[in-house]
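Q: Build me a model:
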Amino acid sequence: VQILFILVCILAITGMFIYAGQRKYGDWDAWALWNLHARFLASGSFYSRLFTSRLAWASPDYPLMLPSWIALFWRSAGNNSVVIPSVVAYVVLISIALSGFASLYIRKQRVAGFLFMILFALDHDFIAMASTQYADTLMALFILLSLILFTHRHTEDKKLYCLLGFFAASAAWIKNEGILFFLVFSFYFIFSSGKNRSLITRYFAGALLPLLIIVLFKTAYAPVNGLLKAQTIATFNQALDAHRYMIIGRFYLNLLSTGFPIIIPLIFIVFILNRRYFLSWESMILTTMQIGFLCVFLFTTKDLNWGLDTACDRLTYQLYPALIYTIICYAGISTKFLNLHEIP
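A: Model (predicted):
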């Protein structure tokens, strides 16, 4: 019965993904940025032409995990099939649903695990975003995996800490905001580890390789980020404009109610069932990340409303699976039904 249930959820996700992904080249950022970068990487000796200021509109400074995966499969297949980016997007989407389920299942919260899968199987908006072939879904997966490993950190297998560092640092190789995630996550990880230098050492040992890759890329290949290059004293003064805070706050609250309607009810439920969630390391990591993402709009040099319309939903989307997972995890601890070992 449980296997059948999983297959039904996967079938539902697959059906909605196919229905939503009718644009074979993906949406704007896919063909103008991520898949374009992949074409340069797959071109062989011409890959270096990507890293030029003439392509500033295509953000050549963006990390290359997703484009490199697509380029690898293109080179292996011998052609630049439009199917491959879509398949990669689909596998990443399914990985989110299965990773959350598997973690909760291992934690003996099996009903909670099925609830996690159901929520994503019924979430048309989330699946539609995954079908755009943007890197935000991959970013959401690595943030989720980092939080999953963090919740399992008390296991006796200390190798987990190396894996935790690897996934947290690898987020910086997906998108620029992944650098912020690694810094925030590492800050809270160090504090949660207390004075255990062995665990911290293992964590940063795992993070070493991804960090070396991103440092090499940023210093030797990528041009200066457009947002950083455009910063002036005037843009920093925007942080003193109370009106900008009001615009960002109203937009974000409206986004939660319309684009992510399940978040507020789940927060209310966990408030009733297990208020310790709001003092947990997981909650502080995600809250700090969301505040950090919103603060980016304070310093944007472009039109604020345009920036919010085009990016705020995707930044929230990156944190969404990890938020759902951690809430269900903590709610399940205090709820006998969600903590059942088997489906009744």
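Q: Provide a list of residues in contact with the closest residue to Ile118 other than its chain neighbours.
A: In space, and not counting its chain neighbours, Ile118 is closest to Cys9: 6.5 Å by C-beta to C-beta, 6 or more residues apart in numbering. The C-beta positions use only the backbone N, C-alpha and C, and glycine is treated the same way. Going by C-beta atoms under 8 Å, 6 or more residues apart in numbering, Cys9 touches Ala97, Phe114, Met117, Ile118, Phe120, Ala121.
Q: looking at this structure, which helix or strand does the model trust least?
A: helix 226-229 (a mean of 62; mean pLDDT, DSSP states H and E).
Q: Whichever helix or strand comes after that helix - what's its average pLDDT?
A: Note on helix 226-229: by DSSP states H and E, the next helix or strand toward the C-terminus is helix 233-237. Average pLDDT, helix 233-237: 73.
Q: do the same with stretch 293-312
A: On average, stretch 293-312 scores 90.
Q: For it, buried residues please.
A: For stretch 293-312, the buried set under the neighbour-count rule, 16 or more other C-beta atoms under 10 Å, comprises Phe293, Leu294, Val296, Phe297, Leu298, Phe299, Thr300, Leu304, Gly307, Leu308, Ala311, Cys312.
Q: Likewise for stretch 98-107?
A: Buried-residue list, stretch 98-107, by 16+ other C-beta under 10 Å: Leu98, Ser99, Gly100, Phe101, Ser103, Leu104, Tyr105, Arg107.
Q: just stretch 261-275 next, same as before
A: Of the residues in stretch 261-275, those buried (16+ other C-beta under 10 Å) are Ile262, Ile263, Leu266, Val270, Leu273, Asn274.
Q: contact partners of that stretch?
A: 119, 123, 256-257, 277-278, 320, 323-324, 327-328, 330-331, 333-335.
Q: Most neighbours among these, which one?
A: When neighbours are taken as other C-beta atoms under 10 Å, the top entry among the contacts of stretch 261-275 is Tyr320 (26 neighbours).
Q: My guess is that residue contacts Phe260. True?
A: Yes: under the criterion of C-beta atoms under 8 Å, Tyr320 makes contact with Phe260 at 6.3 Å.
Q: Poorly predicted segments of this protein, please.
A: Under the criterion pLDDT under 70, the flagged ranges of the chain are 225-232, 234, 334-344.
Q: mind running it again at 50?
A: The model of the chain has pLDDT under 50 over residues 337, 341-344.
Q: centroid residue for it?
A: The centroid of the chain falls nearest to Ala140 when counting by C-alpha atoms, centre = their mean (2.0 Å).
Q: Helix, strand, or coil at that one?
A: With DSSP: H, G, I helix; E, B strand; the rest coil as the basis, Ala140 sits in helix.
Q: Surely it is in contact with Tyr320?
A: Yes: the pair Ala140 / Tyr320 is scored as a contact, 6.5 Å apart, by C-beta under 8 Å.
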